[in-house]
Structure formats: C-alpha cells, structure tokens
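> Predicted model follows, preceded by the sequence.
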Protein chains: 2
Amino acid sequence: MKATKTIISTLREAPNDAVIASHQLMMRSGLIRKLGNGLYAYMPFGFRSLMKVEKIIREELDNAGLLEIKPTVIVPGDLWKESGRWDKMAGEMLTAQNRQGQDMVVSPTAEEAFTAIVRDGLSSYKQLPFTLYQINTKYRDEIRPRYGVMRGREFTMMDAYSFDKDQADLDASYDNVAAAYRRIFKRMGLTTISVKADTGSMGGSGSEEFMVESEVGDDTLLLCPDCDYAANVEKAACKTEVPLDSNGQPQKKTDAAIEEVATPNVFSIEDMEKFFGEKPTTFLKALVYKVYNCAVDLSGTEFYKNAQTVTEGGQTYIPETFFCVLIRGDLDVNETKLAAELKASGAELASDEDVLKYSGAPHGFVGPVGIKIPVIADKSTVDMHDCIAGAGKAGFHIKHVEPGRDFTPFMTLDVRTCKEGDACPECGGKFYMKKGNELGHIFKLGTKYTKSMNVTYLGESGKPVTPLMGCYGIGVDRTLASIIEGHHDDKGIIWPMTVAPYQLAVIPVQYKDKMKEVADKIYEDLKADGIEVILDDRNERPGVKFTDSELIGYPIRIVVGDKNLPNVEMKLRQDAEATLVPADEVAKKAADIVREELKKLNA
Amino acid sequence: MKATKTIISTLREAPNDAVIASHQLMMRSGLIRKLGNGLYAYMPFGFRSLMKVEKIIREELDNAGLLEIKPTVIVPGDLWKESGRWDKMAGEMLTAQNRQGQDMVVSPTAEEAFTAIVRDGLSSYKQLPFTLYQINTKYRDEIRPRYGVMRGREFTMMDAYSFDKDQADLDASYDNVAAAYRRIFKRMGLTTISVKADTGSMGGSGSEEFMVESEVGDDTLLLCPDCDYAANVEKAACKTEVPLDSNGQPQKKTDAAIEEVATPNVFSIEDMEKFFGEKPTTFLKALVYKVYNCAVDLSGTEFYKNAQTVTEGGQTYIPETFFCVLIRGDLDVNETKLAAELKASGAELASDEDVLKYSGAPHGFVGPVGIKIPVIADKSTVDMHDCIAGAGKAGFHIKHVEPGRDFTPFMTLDVRTCKEGDACPECGGKFYMKKGNELGHIFKLGTKYTKSMNVTYLGESGKPVTPLMGCYGIGVDRTLASIIEGHHDDKGIIWPMTVAPYQLAVIPVQYKDKMKEVADKIYEDLKADGIEVILDDRNERPGVKFTDSELIGYPIRIVVGDKNLPNVEMKLRQDAEATLVPADEVAKKAADIVREELKKLNA
C-alpha cells in the first residue's frame, strides 16, 4: 500500500483525556478517532491490527473445534426477563423501546441469546457437547469510560458458550478453551497471568481470568512466589493463621463468664486497642450487612420464618436480608466474597438506621451474643477464644466471649480480604501484589441459564435433562490496547509481527529519481513476496516520515537514501541501530525476518 | 469438518411466517434461527456463507482502493441532530438514552459517523480523494419485518463514503464503486439490473440501485427493451406524449371563454368521462398535496409571503406547505417524484379539511383557475388545450380551460407515475415491468452532510472548501438471501461455489467398515487439497443424509456405498444424474471441479 493511498494522520500530542500509553499512542498514531464518550472508530491502520487480533482468536478457536455463529447485537428484552437479569443488569445495559413498545437490549453479553438459540434446536444428548462463539459488538453503559478502547462503552468481544451433558464434559470444554486462550495470547506477544476470579453477577462456579500485568490495571492480583497460585483480590483466599493473643500465643479457652464493660467512647478497633490494652487479633469485629437477592437457604433461622421469598427462573431468593458478619479484629470483610458465598447479587454495610434496628446497637457496639439476625463467622474467628466484642447495646463492650459457648454462627465462611503478605492457600508462600488488566475470562456457569430459560434435552435414559453451560470471553479491543501497553517505547509502538498493521515500511528519503526507482523496486518485490508493506511516497520531510514510522511502529523499516546507495538501511523497530544492506538483497532479507518472526510467535 | 462435530439441524417444514423461498430454505437448512421479530441468528453453516459474501465484498473494495474502518454501531444522537436527520429518521431509528441522559442511536446508516470521523482529520486538499467503508451491524426499526433476513430489523451492511474535491472526482469515485459492485455480484453468481433510483431521505443527486429480479421484490422496475434504460418506478421518467383530444387528434387551442357547468354528482375521472362524453386526456386533474420540509424557493409566491421557514444545517425549508398538482386526467401523480422535485422530505394528499381550506372546493372539484396556492403542473399538461377542470367550488366544473391564459403554473415538473407501455425517455422503446430487490445502492450526495456538519479543508487556493461526498451501500444479508432466491429447486439450495458453506459433502451410506475407510480417505485427501468438505459421519439413515445434502445444497456430493465400491457416486447439486468414479480418483476430480467453478465465478 502506498502511503498516499491510505490515511496516515499522526498527531504530535495526545489529547488531554489520554492518560495511559496505549490510549495516547493509538490516538497519536491515528489508529483510532474518538466518536463520543467511550466510543472510538478504528481507522484503516487500527482496523488492520484489530482484524489480525480477531483472526488469531478465530483460528485458535476454530482449531479447538468451537463453532462460530452470529446472533444479533440487539436482542429482545424478554430474553433478559426470562433469565432474571433484566433488573440486575439495569443501568449497565443500554435499552430501548421499539415502535411496538417492546423492550430491546443492546447486548452487553450474550448468555441469554446463546441459550435461546440452543434451546431452539437441542433435542437429544447425541447433539452434545458443543461450544459456540461469536466475535461481535457489545455495549456497556460505563459510567466513566476511560483509557480509550481499554474501557470503552462499545467494544468487540469474543464470547463463547459451551453446552455439556455433565460436569466432566464441562470441565473438558473449559480446559479446551483455556488452552486455546493460552495459544491466542502467546501468538500476539502477550504474557498472561491466569488467576482465579470472582464470578460476580454472572453466577456459577469455577472461573479464571487471563490478566496482563499493567500499571494502570483495573484489577489487583495476589500472586504466590512459590507456586502458580494467582487470584484477583476480589476472590483470593489465603490460609487462616492460628489467632494469637496479645502476647503472640495461641488464644486459650476461658471459663470466665461474659463481663460487660462500659465503653462510652470506644467506637473503632483503634479505640478498643487503646481502651482494653489488647491486640486487635483478640477482638471479634461484628458488622451488619445488607445483602441483596440472597439465595442461601435461610429456612432454618428463626429470624427468617416470615421472610418473603421470590422464585424466579427456578431460583428462590430473598430480595433483602441482613446478616451480622464476624471477623477477626485485624482483618477486613471482602464484600464480593461475602456476596458470592451467600449466592447473592451484592452486599453492603447496612445503614445506621438498619444497624440499630437489626442488631439493637449502633455501629461500633454490635456484637454476636444474643443478636437476632444470623451470624456469619469468617474462618479467621474459628479458633478465637476469650475475645472482646461489642455488647449489642450502645456504650458497652463485653469481655471473655467464647465462640460456641456464647453464640453459634449460622454459617462459617471465607469472607476476608486477603492482602500482600498473607499466606498462599496452596503452599503457604507469602503473597505479593500486581496490578493487572483482564483480557479473557472463563466460567463454569452450570445450569444457571439453562434452568432459568428452560433448556432441556432427552438424555440417554429418555428423560429430559438440563445441560450445563460454560461461558468464555475475550475483550478484543482491550487485547489490542494491552499489546501496545506491553510493546512500546517513548517514540511509539513496537508491534509484534503478528498484529502489526503493516509488517514493513519502505521509506525513500525523497520520492524521486534513483531513490524512487530503488524504493519502488523493493516495494514491488516485497509485495510480490506476500509481505504487508507500506511505501512512504508522501511528499514530506524525511524527519516526518521517520518519526511517523517509529510512532506507528512498523516492525521493520527500510530507508532508501542517496548517500547510502547502492546500499539501503534496514532497521528493526526494537533495535537501536540500522544495518546497511545491498538494495537488491534487502527485500529477501527483510521478508525472511518477517516470516521467521511470524513463525516464532505462531509456534 | 465432520458432521458430528458441527451443528446440522434441518427441518422438514418451514415455519409459518416464512413465505418466500430463501426464508423457507434458510430456516429449513438450519442456516439461521429466529431470535425475535426481524432478528435472526446465523448458525455455523449460515455464518460461513455470510462470511464468504463479506469476503468477496471486502476483496473487491480493497482492490478498488477503498479503505476499511470501523466506527461504532452506537453513535451519539448529537451527530444526527447536527445533520438535521434526528427528526426525519425518527421511528425508523432505534434510540436510547444512556445513564447520563444522552441520546444514543443504533446506526441505521452512517453518513453522520463517517462525516464526523473525516471532519476530525481532514485539513488539506492533498488528503483527498478517499473512500472509506465498513461492513458492520445496522438496525432499522421496520414496522413489519418480513422475508427472514431479506428485510430484518438488524442486518449487516457494507456502507462506503467517498470524499472528493470536485464533481469530476466524485464522478470517478462513484464509477469506481459501481465497477466494484458489478464484480462483487458477478462473483456470487448474481445478475443485477442497474437502475436509476429515487434518492429519498438521503438527499443528493445521482443515484443508482443494483437490483436482482425477484418475484417477491419490494421494488417495481421499468425497463426498456431497446436500450439499457432501467429505473425504479419511484423515479422512472418517460417521454411526454402529445396530448390528444377525444378524437385522437392533438388538442387545439380554443378562443372560447371558460364556461361553468353544474356537475353536482361528478366526483371522479370516470364520472367526468360519462358526464362530458370526453376522454380523460382532455381533463386537467387537480389535487391538493401537503408537502413536508419543502426546500424549493417559494419566496416569489403571494401565498407564502408570511410562511415560516426553518434553517437547519445550512438549508432553508418550510416544514409544511400545500400545492395544487395538475396532471393529465389519465395519469397519476408519483408522490416520491413530487417530493424529490420539490426538495421535500415527503408529500401526501391533503386531508378533506385542508383541500377545502386551500383550494376553496372539496376534492373532485378542485381546479387550477384562481386557486391561491402554487400550482405545480406536470409536464403532461404542457401542450393541453381546451380542457375540462374542476371549477374550484363544490358542484361545478369548467370547460374551455386554456393553460397559460386561465392560469399560470408556478413550476412545471415531471411528477407522473410511469408504467408499463410508456415510452423510454432515452429511445422511446415501450417499457416492460419487473419486480426486483435492491442489493446495492450508490449515491452522489454532494455537500449535504459536509455542509450541515461543517467539514472543510484548505483548498489549493488556501481557502476553506467543502468536500463532496458519495455514499454506497450493499445489504449483506439480503445479498445472501437473494443468492438463494436465484439458486434453488424444490429440494433445496443450489449454492454457487464461491458462497457455499462447504464446497463438498462426502456421504458414506453407513459410516462403518469399508465404507468408513473409503470415505475417511476421500475426506482427508480433499481436506489436504484445501477443499472445504463435510464428512457426514452421522448415525442417520442414508435417506436423511441425502435429503439434508440436497436441502443444504453442497455443490458436490460424493456417496460411498457398498454396492458401488470400488467406485463411488459423484453428483453435482445442479445435475439430475450422478456419475460413477473410482474411489481413488474422485478426490482429485472433485477438487478440480471446485477450483474450476471458483475460477469461473471469480474471473
């Protein structure tokens, strides 16, 4: 392609709203242009790289036996009402009413559409398993879109959905996609960290995120230096330490009865430490949480005898419940883990009013003894003894509290926020932290959607069976941006060969006379050899052409200048120095480098 | 691909709402599944053919020098307000408000987005000309979606936009795309008719539609048997005949003064014929039209001295105007042509109330003499003399009306509906009629969008210049459906080789023993030779496999049966008879046919 026949439109300065390298470089090199808040158009060069990312994804998924289909981007809201996500996804989904007054959804994800499509044709166990995918437009109404295409409102997503007979098949489908992901990211020159993740509003169990390390990452990861454990802080588990008393010894059971202490000015853990002269590891921190759409069976509890339940899509839940969450005084509750453990859509600290109403005490004096709402004990409290806790009435704490004797938790769960230095649950290694960006995600959904949307097939026994589902996603734009985050210097992008918009640029210092003749010949030879090459035939100063070539990041550059002829300069983008190569040999030499580099990445 | 590894899900019966062959066959062969009203998901086989259609479009446009980009599907409503189409496209556009309360549009077309993208980077005449395109999702909120993907709500469209310095460049860009279109459709086995078309709400001048003949076509075409003139009836022009009197002689001027005749029961042309004993060619039919957003300059007319005008996007128009349209009694007014000639967004017969208010007479008695609203005379009235017309008051007609003497038209325009038998405007040949479906459309837009959206570049003179635009579209889904409309029999689809989901099917009568061994070998040989082949390894009765293969329409079928071994049957889908070929020769033979057929279509 000749430069004058395409659009090369570079900028010296990135716009003010571009604060991360990939956003700045994509704007400056003209890969994208802004169409609106969180909306970017890919220009010819950006489009080429985006298509290469898509092609790699497609090739690996096809090779792995996945089947590509194309549902619509706009789907009937009724499907989302059927699955029970219409309300849950409100706000994040862009919805519209059509002329008939029917609700329509601009797909933010496509579990519903794929489930409906499969429901339409599935009859027998003989048809299973299969995994369908699409690479298609998605839209999420991000409140604060940022970082260019890294977190835009409209984006391209590869989303796949497996349909399986049983857990073993689901596990195999999941592993199959995971293996394809590893090949996909490797081919693009990306090193990913595979981490356990929270399943969030997607539901289901078993999920993994494919993250790339990034200083501007949205996610915080905890990694073990001694084994391959890695987890999003939202989901990370860690070993529970033996709780120590203020002398650093394991806590010992007490026979002393509970003792009430007037603590009118003691509100926080720090206040308690000061007042009692004890370490926070001896305190039972009690917090009242409001939990939304909790699907854990609470029928055994006194408090919930009269609770209203909602049954939707085959699942019974209580729209709003309150729990007293108990955790060791030096630790914090992870609301995401709490919600996940309670099979809930969300959890948040109760309002002052609700705290008083449900615990009998204001915040700071809540305690587990005699409380009417169910107590959820974090695992960190399991071996605690002789503790100090809120008394359950304003202005008082209690001492010598013995879990098991003085109160019985309704459930003991892992709801603590793990942090740097905590012990790896696999091997005990001490966690370190990284920031990361999620590129891909894989989930075992189970029957969440197939049940709520009534998908069944005739099993071998002749009886209807509900298939299991897995779902798998890769953010295509974000992957492209992450490649640039990981491959650039202060001059511009350094494209991996597999995803460069063009593999090579031929730059005549001036496009005339002998230089034109030589450049044209090299260009034609490379084209004939199947190399994707730009001939910079623009009537621009050489400095502009060189700067542009570094900003745009062609992996190889060949400069044809009078003073070097009959040699030309060949330079790899990542190298500091150019080498002189005879003009009549350079095309073959460069083409070999392109092919070698492709082979290495695609291996 | 082995049949058991993909999804083959055929139906015996098409659903009730499928009334045309392509819709029926696409549903029955499992190419698509319905997701909602006017919303179809492409399944693996359908997706493959759709991608082949896209690939052919992409290759030809890239070869023609067009540049592919990717704007977003969802665009800010503000762009549509800027161009002045927000209101005009209301209803047809699906719109939504985001969380910030901003209007967003699901793109029904993308003039605004492309204009905004180009505005963002265009500075100098040196950058022009260029033509950008996308192949992307569109949505139109069709009131009555029908015919499957032929007229769905969501669809894939190739839309291209050229940006040019001057009319000569625009003409060249337009011709370049037109030539690419012809290659595109030819490669898919489609014969298109190129017709002049109405530009509708798109504005601009100069447009052509690429139609395929179809019994279920949405459009009516008038074609000349003697030259290559072809036009959509919405736009077709024809030669104006000399108006004849009731004796078949050219009408002659009269000196007789107007004579009023009481005609209390004469309302229609038929009534007039009976009452006056004259032919309708001697009647001046006068109709009152309500015209929307008329941009024709009416400042000279008495009636519009006080009319309110709106200026938007650089264009001044009157939101609602009324005209008296005059046409020869045997002809009908074409409202689309009328609106186009008046640079209006639409025209419709005025209500009874408005007819009376603006003409002074009820419908049936309207006449051109003394009327207060401007008279638009169709060209058919130009040489009319001694005519009969409505008197402009209830219950009366007038005789001896002389155009020019008794009234003066404000404008004389071509607003008549042409029909079969009318004379070709180019050569006088007599029109015949065809039904057609529009696959592609090309327009010369001029400065409609660049002006309203303030796009300029620095011209050679150093002064800002507004570029000209052309726009070009191909309906991708509709093209696929049209291929099936044109290539099927009562058993199923007969795919052209270039767009078949798979080029060949190998069908072992039973997938076991020797038949399995031979079929596997042929399958592997064909795959190794680059042929897209399905091996029907399903445990189904042979009849089911044969019926499916004809329904799905693989261009070539190889049947491996015990009784013919060591020969196998090879049959082209379009042929009635199979031939016996030695099993060890069939792969090469079939591959040669595939390649030959591809070569022929792609030539």
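That came in fine, so what should we check first?

> got the end-to-end distance for stretch A:72-85?
By CA to CA, to the nearest Å, the extent of stretch A:72-85 from end to end equals 18 Å.

> Show me the contact partners of that stretch.
A:86, A:89, A:93, A:95, A:102-107, A:110-113, A:115-116, A:136-139, A:201, A:312-313, A:315, A:449, A:452-453, B:35-37, B:39-41, B:73, B:94, B:106, B:137, B:139, B:153-154 (CB atoms under 8 Å, 6 or more residues apart in numbering or on different chains). Heads up, the C-betas are built off the backbone N, CA and C, glycines and all.

> ok, 7 Å please
With contact meaning CB atoms under 7 Å, 6 or more residues apart in numbering or on different chains, stretch A:72-85 is reached by A:86, A:89, A:95, A:102-107, A:111-113, A:116, A:136-137, A:312-313, A:449, A:452-453, B:35-36, B:39, B:41, B:73, B:94, B:106, B:137, B:139, B:154.

> now for the helix or strand that contains A:Val544, which elements pack on it?
Element membership for A:Val544, per DSSP states H and E: helix A:542-552. Using 3 or more CB pairs under 7 Å, 6 or more residues apart in numbering or on different chains; DSSP states H and E, the elements in contact with helix A:542-552 are strand A:492-493, strand A:504-508.

> Need the winner for burial among those strands.
strand A:504-508 (a mean of 27; mean count of other CB atoms under 10 Å in any protein chain shown).

> show me what contacts the residue of the stretch 351-500 of chain A found nearest chain B?
Per CB to the nearest CB, A:Asp477 is where the stretch 351-500 of chain A lies closest to chain B, at 10.0 Å. For A:Asp477, the contacting residues are A:Val149, A:Gly152, A:Phe155, A:Thr156, by CB under 7 Å, 6+ apart.

> hey, C-alpha coordinates of stretch A:320-335 in PDB?
Provided in PDB are the C-alpha atoms of stretch A:320-335 (Å, rounded to 0.1, in the frame of the first residue of the first chain):
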ATOM      1  CA  GLU A 320     -33.100  -8.100  51.000                       C
ATOM      2  CA  THR A 321     -31.700  -9.700  54.100                       C
ATOM      3  CA  PHE A 322     -29.400  -8.600  56.900                       C
ATOM      4  CA  PHE A 323     -26.600 -10.500  58.500                       C
ATOM      5  CA  CYS A 324     -24.100 -10.000  61.300                       C
ATOM      6  CA  VAL A 325     -20.700 -10.700  59.800                       C
ATOM      7  CA  LEU A 326     -18.000 -11.600  62.300                       C
ATOM      8  CA  ILE A 327     -14.300 -11.300  61.600                       C
ATOM      9  CA  ARG A 328     -11.000 -11.100  63.500                       C
ATOM     10  CA  GLY A 329     -10.300  -7.500  64.600                       C
ATOM     11  CA  ASP A 330      -7.300  -7.000  62.400                       C
ATOM     12  CA  LEU A 331      -9.000  -8.100  59.200                       C
ATOM     13  CA  ASP A 332     -11.500  -6.700  56.700                       C
ATOM     14  CA  VAL A 333     -14.600  -8.200  55.100                       C
ATOM     15  CA  ASN A 334     -14.500  -8.600  51.300                       C
ATOM     16  CA  GLU A 335     -18.000  -7.800  50.200                       C
END
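
> what mean pLDDT does it have?
Mean pLDDT, computed over stretch A:320-335, is 95.

> And the helices in the stretch 201-350 of chain A, which stretches?
Along the stretch 201-350 of chain A, the stretches classed as helices by DSSP state H, counting those that start in this stretch are A:269-276, A:335-341.

> okay, those helices in JSON lines with mean neighbour count next?
Output for the helices of the stretch 201-350 of chain A, formatted as JSON lines (neighbours: other CB atoms under 10 Å in any protein chain shown):
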{"stretch": "helix A:269-276", "mean neighbour count": "15"}
{"stretch": "helix A:335-341", "mean neighbour count": "21"}
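
> B:Ile143 is nearest to which of those helices?
With CB to CB as the measure, helix A:335-341 is the member of these nearest B:Ile143 (43.7 Å).

> before we move on, back to that, partner strands of whichever helix or strand comes after the helix holding A:Val544, parallel or antiparallel?
Using DSSP H and E, the next helix or strand after helix A:542-552 towards the C-terminus is strand A:556-560. Strand A:556-560 has the following strand partners under DSSP bridges: strand A:504-508 (parallel), strand A:567-572 (antiparallel).

> now whichever helix or strand comes after the shortest one against strand A:556-560, angle please.
From strand A:504-508 onward toward the C-terminus, using DSSP H and E, the following helix or strand is helix A:513-528. What separates the directions of helix A:513-528 and strand A:556-560 is an angle of 150 degrees, with axes from the mean of the first three to the mean of the last three CA atoms, to 10 degrees.

> Please see if helix A:513-528 touches chain B.
No - using CB under 7 Å from any CB of the partner chain, helix A:513-528 stays clear of chain B, coming no nearer than 13.3 Å.

> buried sites along that helix?
A:Met515, A:Val518, A:Ala519, A:Asp520, A:Lys521, A:Ile522, A:Tyr523, A:Asp525, A:Leu526 (16 or more other CB atoms under 10 Å in any protein chain shown).

> I'd guessed the last one sits against A:Leu504; true?
The one in question is A:Leu526. Yes - under the criterion of CB atoms under 7 Å, A:Leu526 makes contact with A:Leu504 at 6.3 Å.

> who touches both of these two?
If you check A:Leu526 and A:Leu504 against CB under 7 Å, 6+ apart, the residues they both contact are A:Val533, A:Ala590.

> In which helix or strand does the spatially closest residue to A:Met89 that is not a sequence neighbour reside?
Leaving aside its chain neighbours, A:Met89 sits nearest to A:Pro108 (6.5 Å; criterion: CB to CB, 6 or more residues apart in numbering or on different chains). According to DSSP H and E, A:Pro108 maps onto no helix or strand at all.

> Now do the contacts for A:Pro108.
A:Met89, A:Glu92, A:Met93, A:Lys138, A:Tyr139, A:Arg140.

> ditto for A:Gly91
With contacts defined as CB under 7 Å, 6+ apart, the neighbours of A:Gly91 are A:Asp141, B:Arg99.

> Shouldn't it be within a strand?
No - read with DSSP: H, G, I helix; E, B strand; the rest coil, A:Gly91 is coil and lies in no strand.

> Leaving out the residues flanking it, which one is nearest to the closest residue to chain B within the stretch 401-550 of chain A?
Closest to chain B within the stretch 401-550 of chain A is A:Asn539: 7.9 Å, counting by CB to the nearest CB. Nearest non-adjacent residue to A:Asn539, counting by CB to CB, 6+ apart: A:Tyr511, 7.0 Å away.

> wait, isn't that neighbour in contact with A:Arg541?
No - A:Tyr511 is beyond contact range of A:Arg541, at 11.9 Å (criterion: CB under 7 Å).

> ok, those two, which is more surrounded?
A:Tyr511 (21 against 11; other CB atoms under 10 Å in any protein chain shown).

> Which per-residue confidence value corresponds to that one?
pLDDT, A:Tyr511: 97.

> show me the contacts for it.
Per CB under 7 Å, 6+ apart, neighbours of A:Tyr511: A:Ala519, A:Asp537, A:Asn539.

> so which helix or strand takes in the residue lying closest to A:Asp352 once chain neighbours are set aside?
Among residues not flanking A:Asp352 along the chain, A:His363 sits closest, at 6.3 Å (CB to CB, 6+ apart). Element membership for A:His363, per DSSP H and E: none, as it lies in no helix or strand.
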